[in-house]
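Visitor: Sequence unavailable; structure follows:
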């Protein structure tokens, strides 16, 4: 089956629209997802790019309205969270720890769903605990794994890997040598993966 | 008929994808287009935003590949122009001068087509002359009108009008109080206009 890398930053707003529908879209097209949790800030710093949505800017005001409107158009539940941006590092570490165990996608879907529909914020212990519990996992068992030196190093190593692929934002999708950036390119990326099998 | 404002910056790359198909899409949905040529740099400066695609950056490298791939996907002819960015001011002035005379859209379509398929660069006298000639107009007659004090002032007045609408990039579309940014939102904007008639 053709594979597509899915690069997700857990504080990214538009990544919610992707996480909420990518599983269904990929399954419909027979595309396998290779989840790549990463931490975007050092990648943007490498490129000399600042934080994309500074408070009280026209672009950020637009982003919130656009997100709400797009969610409605795509049929995705949406409730604007009280906090932005969140500390995404704990969620990224847990997600990466779940990759070899096969629950990275399900954890990611649940963590985002809790954040964007129930006000249970990504980055909080609550979010991690409830998301893991829905997979039948216990935070007390997962937390040491997520914070092991190996897992922390693995997440750090995602930075040069992202840069190598030309990634500068999230969500990003990689199919072979082709990079697709943004939730707006999700359908194109999946179609590309499906047609290059 | 429902109306949609179309804010075009003539040096904007993604605006080409919009200009190449907006006439057809709007006609299919029965949406009237209200063309709003403007000069984006002072708008971005107002917002504290820099030039979006600096040379030799990962984001700019992505933009070129994405543009080529999107054009292919949308069935739009594409040949990467030799120069970027171009001086868009002469084209913006001519386009605005054509608004009361009813040829703003046709001039814009032809100016972009020449730039993006024939290497006849927007901002050059050649581009203006050939684009106007295809509408049966003579650059020698249009040029003084485009550079009249009134027309120059009218283009300058587009800057605060754009800012008032929350615009920070191009292309942008405005339907009532709703702002849509980017070629990626063209279909959404037209659907919004069509459903709010």
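Guide: Great, that's in hand. All values derive from a computational prediction rather than experimental measurement. Residues are numbered from 1 along each chain as shown, chains lettered A, B, ... in the order given.
Visitor: When you work out contacts or count neighbours from here on, use the C-alpha atoms and nothing else.
Guide: Will do.
Visitor: Do me a favour and average the pLDDT over stretch A:10-19.
Guide: Taken as a whole, stretch A:10-19 has a mean pLDDT of 98.
Visitor: what's next to stretch A:10-27, contact-wise?
Guide: A:8-9, A:32-33, A:37, A:39, A:67, A:71, A:76, A:84-89, A:91-92, A:108-109, A:112-113, A:116, A:122, A:170-171, A:182-183, A:186-187, A:190 (Cα atoms under 8 Å, 6 or more residues apart in numbering or on different chains).
Visitor: Helices along chain A, start to end?
Guide: For chain A, the helices defined by DSSP state H occupy A:14-19, A:22-29, A:40-46, A:58-74, A:89-97, A:104-117, A:125-134, A:139-146, A:149-164, A:186-195.
Visitor: May I see those helices arranged in a markdown table, with distance to residue B:148 as well?
Guide: As requested, these are arranged in a markdown table below (distance: least, Cα to Cα, whole Å):
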| stretch | distance to residue B:148 |
| --- | --- |
| helix A:14-19 | 44 |
| helix A:22-29 | 53 |
| helix A:40-46 | 44 |
| helix A:58-74 | 32 |
| helix A:89-97 | 57 |
| helix A:104-117 | 52 |
| helix A:125-134 | 61 |
| helix A:139-146 | 66 |
| helix A:149-164 | 49 |
| helix A:186-195 | 45 |
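Visitor: My read is that residue A:121 contacts residue A:84, right?
Guide: No - judged on Cα atoms under 8 Å, residue A:121 makes no contact with residue A:84 at a distance of 9.6 Å.
Visitor: of the two, who's got more company?
Guide: Ranked by neighbour count (other Cα atoms under 10 Å in any protein chain shown), residue A:121 and residue A:84 place residue A:121 first, with 25 against 13.
Visitor: quick one: contacts for the residue nearest to residue A:68 when sequence neighbours are not counted?
Guide: Excluding its sequence neighbours, the residue lying closest to residue A:68 (Cα to Cα, 6 or more residues apart in numbering or on different chains) is residue A:78, at 6.7 Å. Residues near residue A:78 by Cα under 8 Å, 6+ apart: A:68, A:71-72, A:116-117.
Visitor: try 7 Å
Guide: Applying Cα atoms under 7 Å, 6 or more residues apart in numbering or on different chains to residue A:78 gives the contacts A:68, A:71, A:116-117.
Visitor: Name the member of these that has the highest neighbour count.
Guide: residue A:116 leads these on contacts (other Cα under 10 Å) with 23 neighbours.
Visitor: residues contacting it?
Guide: For residue A:116, the contact set (Cα under 7 Å, 6+ apart) comprises A:78-81.
Visitor: Can I get the buried part of these as one PyMOL selection?
Guide: Entered in PyMOL, the line below selects the buried ones among the contacts of residue A:116, by 16 or more other Cα atoms under 10 Å in any protein chain shown:
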select buried, chain A and resi 78+80+81
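Visitor: Would you mind listing what in chain A touches chain B?
Guide: A:58-59, A:166, A:168, A:184 (Cα under 7 Å from any Cα of the partner chain).
Visitor: Let me have those residues in TSV, adding distance to residue B:151 as columns.
Guide: Shown next, in TSV, are the residues of chain A next to chain B (distance: Cα to Cα, whole Å):
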residue	distance to residue B:151
A:58	27
A:59	29
A:166	43
A:168	40
A:184	37
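Visitor: Can you say which two of the residues you listed are spatially most distant?
Guide: Among those, the pair separated by the greatest distance (Cα to Cα) is A:58 and A:166, at 27.2 Å.
Visitor: quick one: which of the two has more around it?
Guide: Neighbour count, other Cα under 10 Å: between residue A:58 and residue A:166, residue A:166 has more, with 23 against 16.
Visitor: neighbours around the closest residue to residue A:109 other than its chain neighbours, how many?
Guide: Leaving aside its chain neighbours, residue A:109 sits nearest to residue A:19 (5.8 Å; criterion: Cα to Cα, 6+ apart). Using other Cα under 10 Å, residue A:19 has 22 neighbouring residues.
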